[in-house]
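K.L.:
only geometry, no sequence info:
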């Protein structure tokens, strides 16, 4: 079945450091790929997405490129801020039968950014 | 604010009881999803509805059921509750449930079974 593997946390960085959170996936067909972020006490919100190979999703300084050859969708940000502290989830959307699609999530990576 | 609302925010109940969680999707969205988030299992897809009809099932226990009403709000019913059902339950919605669509998540209902 479909699965997403992302680096285990927690990840602790100083403000302005470079961030990489690795994500690899297994899926049949051509999934869409997403990064969601969950701030403390809140629901998930979309950070960025890519729907086909070599697409780059970007938002708020975060970027991720859909790499079909390595089945990866690594999240990067050049300079993190304290306000980026949250849990980050990599997810894929793939066919779950007929014309239905569901999200499969990785386990999440807790990021803490210290001033 | 995603536009998806969930009630109640918190729920504390005892083993063996039954509870109902409610979700209102974003205006115009026809597809509703339910997810369970727990420390040991992570985020798991439970079930999807589209315009009142069940579309897909994930790791949903037989003790759990859901429905989507004509006004498109959805309810998740959890019965014969066990300690292990304690978790955060999220509802999400999207326009029609397509491959490339973003799912918009509600704030969640935190269920504690004592």
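P.N.:
Noted; the coordinates are in hand. The model shown is predicted, which means the values in this text are computed figures rather than measured ones. Residues are numbered from 1 along each chain as shown, chains lettered A, B, ... in the order given.
K.L.:
lowest confidence element among the helices and strands of chain B?
P.N.:
Among the helices and strands of chain B, strand B:53-57 carries the lowest confidence by mean pLDDT, DSSP states H and E, at a mean of 90.
K.L.:
can you pull the contacts of residue 35?
P.N.:
Using chain A here. Residue A:35 is in contact with A:23, A:46-49, A:57, A:62, A:64, A:73, A:75, A:88-91, counting by Cβ atoms under 8 Å, 6 or more residues apart in numbering or on different chains. For the C-beta atoms, the positions are set from N, CA and C on the backbone; glycine is no exception.
K.L.:
wait, I meant chain B there
P.N.:
Counted by Cβ under 8 Å, 6+ apart, residue B:35 has contacts A:103, B:43, B:44, B:45, B:46, B:89, B:90, B:91, B:92, B:105.
K.L.:
mind listing which of the contacts of residue A:35 are in strands?
P.N.:
A:23, A:46-49, A:57, A:62, A:64, A:75, A:88-91 (DSSP state E).
K.L.:
follow-up on the earlier one: and the least confident helix or strand of chain B, which strands flank it?
P.N.:
strand B:42-50 (antiparallel) (DSSP bridges).
K.L.:
hang on, the earlier thing: which of the contacts of residue B:35 ranks first by neighbour count?
P.N.:
The most crowded member of those, judged by other Cβ atoms under 10 Å in any protein chain shown, is residue B:91 (30 neighbours).
K.L.:
Which residue comes closest to that residue once chain neighbours are left out?
P.N.:
residue B:23 (3.3 Å; Cβ to Cβ, 6 or more residues apart in numbering or on different chains).
K.L.:
residues touching the one you found, list them.
P.N.:
Neighbours of residue B:23 in contact, by Cβ under 8 Å, 6+ apart: B:4, B:5, B:6, B:32, B:34, B:73, B:74, B:75, B:76, B:91, B:93, B:106.
K.L.:
and it, what are its bridge partners?
P.N.:
Applying DSSP bridges, one finds that residue B:23 bridges with residue B:6, residue B:74.
K.L.:
Which residues of chain B lie near chain A?
P.N.:
B:2, B:4, B:33, B:35, B:42-43, B:45, B:48, B:50, B:55-56, B:58, B:90, B:92, B:97-108 (Cβ under 8 Å from any Cβ of the partner chain).
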